[in-house]
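**Student:** Mind looking at a prediction? Sequence and model below.
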Amino acid sequence: MKLSVEISKYPLHQDYIPFIKGFIDRVNSYDGLKVITNTLSTQIFGDYDLVMSVLNTEIKRSYEEFGKAIFVCKFLHGDLSPSDD
């Protein structure tokens with residue numbers, strides 16, 4: 001089963017850019033995911049189990065390394081990624 005996720009991270013820290021960039025870079029390092037980042041959110045597309053495993057790992061890591069942050073997520077069934085045309 002495929003999954004599409006739109007996620008935004010809001011670190012509760014004055015210097016928030018490195019916290020966001022680190023999360024995005026780590027998510028991009030996983031094979032098997034399509035990741036699209038824009039100015040408001042990051043969209044992740046892939047197999048349900050892989051996407052959820054990556055989010056579980058990386059959200060937990062974010063809390064352990066950087067402390068408090070808000071994650072806003074939308075989960076949609078299927079691969080709704082834009083075509084590469």
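**Tutor:** Okay, I see it.
**Student:** Show me what the longest helix belonging to the chain is packed against.
**Tutor:** Longest helix in the chain by number of residues (criterion: DSSP state H): helix 48-66. Counting contacts by 3 or more Cβ pairs under 8 Å, 6 or more residues apart in numbering; DSSP states H and E, helix 48-66 is packed against strand 2-11, helix 17-28, strand 42-47, strand 69-77. Every C-beta, even on glycine, is put in place using the N, C-alpha and C of the backbone.
**Student:** I'd guessed residue 12 sits against residue 66; true?
**Tutor:** No: using Cβ atoms under 8 Å, residue 12 makes no contact with residue 66, being 9.2 Å away.
**Student:** Mind checking which of these two has more residues around it?
**Tutor:** Between residue 12 and residue 66, counted using other Cβ atoms under 10 Å, the more crowded position is residue 66 (18 against 11).
**Student:** ok, and what's touching the longest helix of the chain?
**Tutor:** By Cβ atoms under 8 Å, 6 or more residues apart in numbering, the residues outside helix 48-66 that reach it are 1-3, 5, 7, 9, 11, 13, 19, 22-23, 26-27, 30, 32-33, 44-45, 69, 71, 73.
**Student:** can you do 10 Å?
**Tutor:** Defining contact as Cβ atoms under 10 Å, 6 or more residues apart in numbering, one finds that helix 48-66 is touched by 1-5, 7, 9, 11-13, 16, 18-20, 22-24, 26-27, 29-33, 35, 44-47, 68-69, 71, 73, 75, 77-78.
**Student:** any chance of the helices and strands packed on helix 48-66 in a markdown table, with distance to residue 53 too?
**Tutor:** Conversion of these to a markdown table gives the following (distance: least, Cβ to Cβ, whole Å):
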| stretch | distance to residue 53 |
| --- | --- |
| strand 2-11 | 11 |
| helix 17-28 | 12 |
| strand 42-47 | 9 |
| strand 69-77 | 14 |
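**Student:** Let me have those in TSV, extended by mean neighbour count, distance to residue 60 and mean pLDDT.
**Tutor:** Supplementary listing: the helices and strands packed on helix 48-66 in TSV, determined by neighbours: other Cβ atoms under 10 Å; distance: least, Cβ to Cβ, whole Å; pLDDT from 0 to 100:
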stretch	mean neighbour count	distance to residue 60	mean pLDDT
strand 2-11	18	13	97
helix 17-28	15	11	95
strand 42-47	19	16	98
strand 69-77	12	11	97
